[in-house]
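Peer 1: Sequence first, predicted model second:
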Amino acid sequence: MATESFSLVVANLFVGMLKNHRFLPAAMRVGRLGYSLFRLEPSIIVTDGRVTPDAIATSAQQAHAVVAEWTADVKLQGRKIQQLAGYAKIDSTDLITYGVPASEAHAFDVWIVVTPEGVAPYAEHLKEKSYEFALATFRLATEEKPGYELAHARGEFSNSELSGVLQQTWHLERVPRGYLPFPLDDLADQELAESIAQQLVAFSVLGTEVFTRDDLCRSMVPVWQQLDLTKRDAVARAMTKVLSAWSRRRRIGDWLKRIQADPPTWRLVLPTGLDRDRLRRALRSSLSKVQEDIAAGQDEFPI
Amino acid sequence: MARRGGPNIPNRRALFDYLETQMSRAYRQVLDVRRLEYESTYVKTFLLEFDWEVARSSLNLTRESEVLQAALSVGERSGAAIETTVEDTEEAGFYRVRWRGGRNLDLDLYLDTSSDPERRFWIAYTLSDSREVETLLDRLASSRPALDRVWFWPSFLSALQEKGEFRGIGLDYDYRRFEKAAGVNDPATYLKMQVWGGPESRRILEFLDGDKELADKAVLSKVRLKYWPEDRSRFCLEDVKYNGKFTARGSSFDAHQFLVVSARDDYASRVRQLETEYAIRWGGGDAEAAFEGDAIFVVSEIGGNWIQDLDLFSEVVFSGTEPFRLWGVPSSISGGDGLVVRAVDLHTGSKIFFELYPDAVGLYLDETACGNTVARFLTNVQHTFRRQVLLEDNSGNRIL
């Protein structure tokens, strides 16, 4: 059993709360307060730059918005410090300029979700910089400690209804998992290896023989068009890495061949239905090996 | 039908007239001699679903006649070549399909691909041997994408039966696929029964209720009804099976046709509803919502756990074989009691994310997902694993 991606689980939890997902406690379902997802991966222009939080949720009913960021980074340095400074610069006008309705943008909060290991440095940094963000920790389930936990750590929400939900500790048996299929931040190999296997089977059914890295990304990342170039590049690199690991498996390599370096292009050669069956069997039996290969760093970065 | 030297069928109306003659002749024969060779000249009609886009893409063909020829070609059976011919008629979208060869295989099918406005749900008529045609259609559906049967869940069948007078039911279950995967020697948990008669035959269901184990398993697989849209003397006696097969006799082909079209339209509407309301779409354009759609859930009718062994369930369901036609590699959720599966529907190549727990299976449909896949999943779970399940939305409202 591989480790889950923090970013993936929190992203799905966030969307699940907005969608009033039935696996979550009723009181945690903020969709009942009128909140819905405004954008995933928004790119907002602020004074002196641009910030890209993980999501914005808005509620006409509450006349309120939440700018959310989740991160598994424990160490606060460089880019992450800049990112937090950027969030501190967001004002209502920036959100309105981005497209959030004015009535929902005048009151907003920034919500940062970190791992239990990351909470101390983040809390300290927010305090030191006097950032008025709400900070929460999220703990993934483990074999030793089943269940998930979302706990408020510091700061307050300006909306009393939302603070009633998020300024407390939630113990969760389940978190919805299917809204986003794999993470866009910490590109966990497990999820990506599975998702690429899924996409290869989908291509084989659809008769897609030749595909570029961009084709793969567009097919697999539902919000590809919304990602900024840095994130696209990171996702694309991860895709290439995992796809290369797949193509190096002997039984998979018979059908999946890289045919061009720039742009990275592959050919899926499946002349008969029998080949498609064999590919599916090979993908199933090789998945754990591919995940091990990637985890062991036996891969190379072709780009 | 349409045997060499057989009738000339240039359009659908001519077919309907011909089938009406055959249908009433068969009915009179049954009345006269109380016997008809197994469904030999009953009118058999199949509802099928076809994804043109997937067919064109997977077959790498664009012309409609070429797509149909390739999609309906069988190749060989038991080592003998089967010749498939798809012939145009004078009516666009209406075809005559012939399969010849093998062990005296001689099957004809008339295919109406045009009367559904989206051309997605086909109606196929035949007088040929029912078992041969079904075997062939199942083989076509399982061996390549695009073509699928339709999948009537029990409440859909019951609602269809209520359009006419009750004349009997068929019940079945077959858990052997799961038993075999569990390593059971000589698996034998299956049942197939048909009870024909008037409204009192419905009481067989009450008898079954007395046997909890049987009642928990036996699922409605077929309904028989006497149906007349207007004039009672112009009727059809109709068997409707859960995989979209209609077998008709009686005095009115029009009654049969009316019932088939009505079932197709109801079914198509439910399938499209699944796609428009629940398929997950991530927007991003100026006027688009950021996110539409939602998860749907297969849960027990009576609440509680309905999957005791998630590994076994997922091994069978996501193996890529009939009847589920889903492929995926299950992975465990750390510290939880569930599994997740990034699955592919081998019918359309669309992606579906499954999360499986003992009490609920959540489905997240990709925006290209096919609603027919959901009906296929639900009905086949009911027939092969657990009857008492239904499909709900996120708020607990029943969908199917």
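Peer 2: Yep, that arrived.
Peer 1: what's the domain layout of chain A?
Peer 2: Under the assignment automatic domain parsing, the domains of chain A span A:6-172, A:190-295.
Peer 1: Just the endpoints, please. Distance across the first one?
Peer 2: Here the two ends of domain A:6-172 are set 15 Å apart, with distance taken as Cα to Cα, to the nearest Å.
Peer 1: One more: stretch A:102-110?
Peer 2: Terminal residues of stretch A:102-110 are spaced 17 Å apart (Cα to Cα).
Peer 1: neighbouring contacts of it?
Peer 2: With contact meaning Cβ atoms under 8 Å, 6 or more residues apart in numbering or on different chains, stretch A:102-110 is reached by A:53, A:58-60, A:63-69, A:87-88, A:90, A:92, A:95-96, A:131-134, A:157-159, A:162. Heads up, the C-betas are built off the backbone N, CA and C, glycines and all.
Peer 1: if you set the cut-off to 6 Å instead, what comes out?
Peer 2: With contacts defined as Cβ atoms under 6 Å, 6 or more residues apart in numbering or on different chains, stretch A:102-110 is touched by A:58, A:60, A:63-67, A:87, A:92, A:95-96, A:133-134, A:157-158.
Peer 1: quick revisit: could you export the domains of chain A as TSV, including mean neighbour count and mean pLDDT?
Peer 2: Converted to TSV, the domains of chain A look like this (neighbours: other Cβ atoms under 10 Å in any protein chain shown; pLDDT from 0 to 100):
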stretch	mean neighbour count	mean pLDDT
domain A:6-172	18	96
domain A:190-295	18	90
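Peer 1: Within range of chain B, give me the residues from the stretch 201-303 of chain A.
Peer 2: Counting by Cβ under 6 Å from any Cβ of the partner chain, the stretch 201-303 of chain A comes close to chain B at A:201-202, A:205-207, A:222-223, A:225-226, A:273, A:280, A:284, A:287.
Peer 1: re the thing from before, please convert the domains of chain A to JSON lines, extending it with distance to B:Val86.
Peer 2: As requested, these are exported to JSON lines (distance: least, Cβ to Cβ, whole Å):
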{"stretch": "domain A:6-172", "distance to B:Val86": "45"}
{"stretch": "domain A:190-295", "distance to B:Val86": "20"}
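Peer 1: what's the closest of the ones you listed to B:Glu90?
Peer 2: Closest approach to B:Glu90 among the domains of chain A (Cβ to Cβ): domain A:190-295, 32.2 Å.
Peer 1: How far off centre is that closest one?
Peer 2: Computed by Cα atoms, centre = their mean, to the nearest Å, the chain-centroid distance of domain A:190-295 equals 19 Å.
Peer 1: Figure out the length between the terminal residues of that domain.
Peer 2: Start-to-end span of domain A:190-295 (Cα to Cα) is 9 Å.
Peer 1: Same question for stretch B:242-262.
Peer 2: End-to-end distance for stretch B:242-262, by Cα to Cα: 15 Å.
Peer 1: which residues touch that stretch?
Peer 2: Counting by Cβ under 6 Å, 6+ apart, B:16, B:19-20, B:23-24, B:26-27, B:42-47, B:149-150, B:152, B:221, B:227-229, B:234-240 sit against stretch B:242-262.
Peer 1: and the strand or helix carrying B:Trp122, which strands flank it?
Peer 2: Assigned by DSSP states H and E, B:Trp122 belongs to strand B:121-126. Partner strands and pairing direction for strand B:121-126 (DSSP bridges) are strand B:43-50 (antiparallel), strand B:105-112 (antiparallel).
Peer 1: Adding mean pLDDT and mean neighbour count, write those out as TSV.
Peer 2: Below are those laid out as TSV (pLDDT from 0 to 100; neighbours: other Cβ atoms under 10 Å in any protein chain shown):
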stretch	mean pLDDT	mean neighbour count
strand B:43-50	97	24
strand B:105-112	94	20
